[in-house]
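A.B. asks: sequence and predicted structure below; questions after.
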2 protein chains.
Amino acid sequence: MERVFAEYLIETPYDVGQAAAVLAGEQSSGTFVAVPGETEELKQRFAARVEHIELLDLVNEPSIPGGKISGKKYQKAKVKVSWSIENFGYNLPVLISTLQGNLYEITQFTGLKLMDLELPDSFKNHYKGPQFGIKGSKASCGIGCERPMIGTIIKPSVGMFPEETATLVQTLIDAGIDFIKDDELMGSTANSPFNERVKAIMKVIRNNEQRTGKKVMYAFNISDEIDVMQRKYDLILQEKGSCAMISVNSVGLAGTKKICDNGQLVIHGHRNGWGMLNRHPMLGIEFPAYQKLQRLAGVDQLHVNGIQNKFWESDDSVVTSIKSCLKSFLGGNEILPVVSSGQWGGQAFETYKRTQTTDLLYMAGGGILAHPMGPKAGVNALQQAWEGAVDGSSIEETANKHKEFAASVKKFSK
Amino acid sequence: MERVFAEYLIETPYDVGQAAAVLAGEQSSGTFVAVPGETEELKQRFAARVEHIELLDLVNEPSIPGGKISGKKYQKAKVKVSWSIENFGYNLPVLISTLQGNLYEITQFTGLKLMDLELPDSFKNHYKGPQFGIKGSKASCGIGCERPMIGTIIKPSVGMFPEETATLVQTLIDAGIDFIKDDELMGSTANSPFNERVKAIMKVIRNNEQRTGKKVMYAFNISDEIDVMQRKYDLILQEKGSCAMISVNSVGLAGTKKICDNGQLVIHGHRNGWGMLNRHPMLGIEFPAYQKLQRLAGVDQLHVNGIQNKFWESDDSVVTSIKSCLKSFLGGNEILPVVSSGQWGGQAFETYKRTQTTDLLYMAGGGILAHPMGPKAGVNALQQAWEGAVDGSSIEETANKHKEFAASVKKFSK
């Protein structure tokens, strides 16, 4: 029978084998005492199995405070656990409850993080995965493998009227942008009701498409309750838009999948709230596991932060995240990594050096709109940066060649 | 204009006022440089406001590793922030993205936890809240304020056939139970397809109702994708069931609300995965805020762990959680606290002493099924425990009075 595998980073003051057995028990048949009905045959078939244990460091202090036991050291380890597909069938929420449920409560652990997961091939018959993914997203804007999609976020996040936003969209289109998105804080505000915003912006985008043949992708933030999301999705379709954005953690996996299942718009997945799930090194979930769950839901594009970002995340973590998005999963489309946070083009060099890919949506907010020579120069500077990065030029060489990028370096580099 | 308030526990190596201002900026109009269009008027209307700062301890090490700055100390503080309702209207996911979004990524913080939130009264016109809550749940099983609902979980969690489960349900009903639930790992398994399980169990429950007039509440775990959840909900209704269970974190808030909005079944909210969101004292969300979000979604019953539980959570935290469920919120129904994890009746005394309430669903798994005198004695022992607790008797006095509870004490007390 096919099995689902999950890899955890754990920490425990107890014997690792015993702690892992508690995890496996709690997440299949456990209660705190043996009960009638738990036959050996039933256990064989439905009990989770500890497949592999690899001991790592021994540390003096528990990673999660509160679990301290006087005189004890804390063993870190990688633990691989498996479940029979018979336990849950193809039910994403029950899979989550099994892989990320009560096990975080287990007192034997002073740290537990889901690092990765492997699903049997049969999942591909039940989950279509991203309908557009990398290729579909780039093709929709007329971009191939030569460079990333260049995108930006409407700022100020909240407060503008639809007509002001549409004017800004026109400016950004004239500047040569590929992709624009609502901020995740922008749903439907007093000044910018969703329907009016979509209509005002799509008019600009359609006009531009007629004139130039290029259709800029705009990710309208449809995050809301299920029925309202569907209505917003339908409006975007009706207005000939190509993309909708969902704050995947705020909406939740079931709601996200429900919308993705429509299959007619590219879904831009915003991971705001991610720090809560990931910021502690020994609690929560790592991105390689997380992006697989989002792919099962059908998300096409997913935020990965950026090199030298303004947030807390390390460059190593960003690079791992990008690479995980580019890996094949269940034979479906890859998910487009959305690079953002404090990006202005200077980071293109390190990003390309470490990932060797242009299959990115590279987002700059202030880096475009606050460019000293204006937004068009801002977009040009980003394109120049990526051209330089792919050619193997340095930041300095690229700045010497292009005045727009040189102005970015002067304004934004620290 | 009405405002939404959120209270955070934060930690920062920087000036608290400045760090709080970064939070407010990031969560309303922020990018890393000023952009055109951010007028003073727009800021006044849409910017988040830091309402109050209360300094707490100064500590030597950052709570979230990775944020260490040589020679710096870390200031803990309570910070209250507010937003105008104009920023999001009545949109739960955008509210979450604002209160629990990118702010966890902010490098200025080495700890950030959402402690509580306050919503304006107008929310009650847009969110019905729990349709049954405490009173509706207890009334459905014919119980008033004299004692908690006594409940149990079907164990083994996974592996039994529907007929075996139905037989166990009959045993538990004969034992005098009020409430039974699926395990959160049990959705629709190879041995126990959802539809067959519902039909087999509801037949037993309906027969018992005809015979005795008492309708036992069974929480069928409908957690799944949206359309499947709705079909499962409808089947429970058709079979005259009274309750459905949702793993609220695995399904997500939008999906949970969609199902709750049906309003015909009591919704049992299981919070598995909670440890990931809450276990670190300086990261994530505290239960008083969390239960309000679940009430907005319409959940009627919500897990709170239990006194002297088998998990990591402290008794103080459990007591705070129970009390928060009993507080009024937007004039709607209160949410029934579901006490569970290693409960056998002995904890009833401390639970009642510290909360002074019987408005609980008191769950015991092994405490009933593994009772040495059988399940009926197990249920009796729990009722005896609660009678003793409410009367002000001690564990010893209650054990001296009742042989079933005495047997529990002998088997389960540590």
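C.D. replies: Structure received. Numbering: from 1, shown residues only, chains lettered A, B, ... in the order given.

A.B. asks: what about A:V22, neighbour count?
C.D. replies: As a burial measure, the neighbour count of A:V22 was computed by other CB atoms under 10 Å in any protein chain shown and equals 18. Glycine gets a C-beta too; all of them are placed from N, C-alpha and C.

A.B. asks: tell me the confidence at it?
C.D. replies: The predicted local confidence for A:V22 comes out at a pLDDT of 89.

A.B. asks: could you do the one 10 residues further on as well?
C.D. replies: Per-residue confidence (pLDDT) for A:F32: 44.

A.B. asks: then A:N195?
C.D. replies: Per-residue confidence at A:N195 stands at 98 (pLDDT).

A.B. asks: residues of the stretch 301-414 of chain A that sit close to chain B?
C.D. replies: By CB under 8 Å from any CB of the partner chain, the residues of the stretch 301-414 of chain A that approach chain B are A:305, A:310-314, A:341-342, A:365-366, A:369-370, A:412.

A.B. asks: show me which pair in these is furthest apart.
C.D. replies: Using CB to CB, these reach their maximum pairwise distance at A:S314 and A:L369, which is 27.3 Å.

A.B. asks: the more surrounded of these two?
C.D. replies: Looking at A:S314 and A:L369 with other CB under 10 Å, you find the greater number of neighbours at A:L369, namely 24 against 12.

A.B. asks: from the contact counts, what lies against the helix or strand hosting A:L114?
C.D. replies: Using DSSP states H and E, A:L114 sits in strand A:111-118. With contacts defined as 3 or more CB pairs under 8 Å, 6 or more residues apart in numbering or on different chains; DSSP states H and E, strand A:111-118 has these neighbours: strand A:3-12, strand A:74-84, strand A:283-285, helix A:287-297.

A.B. asks: quick one: the third one near chain B?
C.D. replies: Looking back up the chat, that one is strand A:283-285. Yes. Where contact is defined by CB under 8 Å from any CB, part of strand A:283-285 touches chain B, namely A:283-285.

A.B. asks: what lies in contact with that strand?
C.D. replies: Among residues not part of strand A:283-285, those counted as contacts by CB atoms under 8 Å, 6 or more residues apart in numbering or on different chains are A:63-64, A:100, A:104, A:111-114, A:276-278, B:276, B:279-280, B:283.

A.B. asks: what separates the closest residue to chain B within the stretch 51-200 of chain A from A:H402, distance-wise?
C.D. replies: Of all residues in the stretch 51-200 of chain A, A:Y104 sits closest to chain B, with a separation of 2.9 Å (CB to the nearest CB). In this structure, A:Y104 lies at 50 Å from A:H402, with CB to CB, to the nearest Å as the measure.

A.B. asks: please parse chain A into its domains.
C.D. replies: Dividing chain A into domains by automatic domain parsing, as the record does, gives the ranges A:3-125, A:133-412.

A.B. asks: quick one on the thing from earlier: so which of the helices and strands packed on strand A:111-118 is the most packed in?
C.D. replies: With neighbours taken as mean count of other CB atoms under 10 Å in any protein chain shown, those reach their highest mean count in strand A:283-285, at a mean of 26.

A.B. asks: my guess is A:V204 contacts A:T171. True?
C.D. replies: No. Counting by CB atoms under 8 Å, A:T171 is not a contact partner of A:V204; they are 9.8 Å apart.

A.B. asks: more crowded one of the two?
C.D. replies: In this view A:V204 and A:T171 are compared by other CB under 10 Å, and A:V204 has more residues nearby, 20 against 17.

A.B. asks: which of the three states applies to that one?
C.D. replies: With DSSP: H, G, I helix; E, B strand; the rest coil as the basis, A:V204 sits in helix.

A.B. asks: ok, it to chain B distance?
C.D. replies: Note on A:V204: its distance to chain B, by CB to the nearest CB, to the nearest Å, is 16 Å.

A.B. asks: got a pLDDT number for that residue?
C.D. replies: Per-residue confidence at A:V204 stands at 98 (pLDDT).

A.B. asks: what of A:S250?
C.D. replies: 98.

A.B. asks: just the element for it, please.
C.D. replies: Remark: A:S250 resides in helix A:248-251, with elements defined by DSSP H and E.

A.B. asks: same check, this time on A:K128
C.D. replies: Using DSSP H and E, A:K128 sits within no helix or strand.

A.B. asks: what ranges do the strands span in the stretch 101-250 of chain A?
C.D. replies: With DSSP state E, counting those that start in this stretch applied, the stretch 101-250 of chain A shows strands at A:111-118, A:149-153, A:179-181, A:217-221, A:243-247, listed in chain order.

A.B. asks: mean neighbour count and distance to B:I177 added to those, as CSV?
C.D. replies: Listed next are the strands of the stretch 101-250 of chain A as CSV, based on neighbours: other CB atoms under 10 Å in any protein chain shown; distance: least, CB to CB, whole Å:
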stretch, mean neighbour count, distance to B:I177
strand A:111-118, 21, 33
strand A:149-153, 26, 54
strand A:179-181, 26, 52
strand A:217-221, 27, 46
strand A:243-247, 26, 41
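
A.B. asks: reformat those as TSV; add mean pLDDT.
C.D. replies: Listed next are the strands of the stretch 101-250 of chain A as TSV, based on pLDDT from 0 to 100:
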stretch	mean pLDDT
strand A:111-118	98
strand A:149-153	96
strand A:179-181	98
strand A:217-221	98
strand A:243-247	98
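
A.B. asks: distance to A:V266 for those strands - can I get that in JSON lines?
C.D. replies: Shown next, in JSON lines, are those (distance: least, CB to CB, whole Å):
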{"stretch": "strand A:111-118", "distance to A:V266": "25"}
{"stretch": "strand A:149-153", "distance to A:V266": "11"}
{"stretch": "strand A:179-181", "distance to A:V266": "10"}
{"stretch": "strand A:217-221", "distance to A:V266": "7"}
{"stretch": "strand A:243-247", "distance to A:V266": "4"}
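
A.B. asks: that older thread, burial count for the closest residue to the residue of the stretch 51-200 of chain A closest to chain B other than its chain neighbours?
C.D. replies: Of all residues beyond its chain neighbours, the one nearest A:Y104 is B:G275 (2.9 Å), with distances taken as CB to CB, 6 or more residues apart in numbering or on different chains. Using other CB under 10 Å, B:G275 is surrounded by 26 other residues.

A.B. asks: just checking, A:D174 touches A:K376?
C.D. replies: Yes. At 6.6 Å, A:D174 and A:K376 qualify as touching, with contact defined as CB under 8 Å.

A.B. asks: between these two, which is the more surrounded one?
C.D. replies: Using other CB under 10 Å, the more surrounded residue of A:D174 and A:K376 is A:K376, with 17 against 12.
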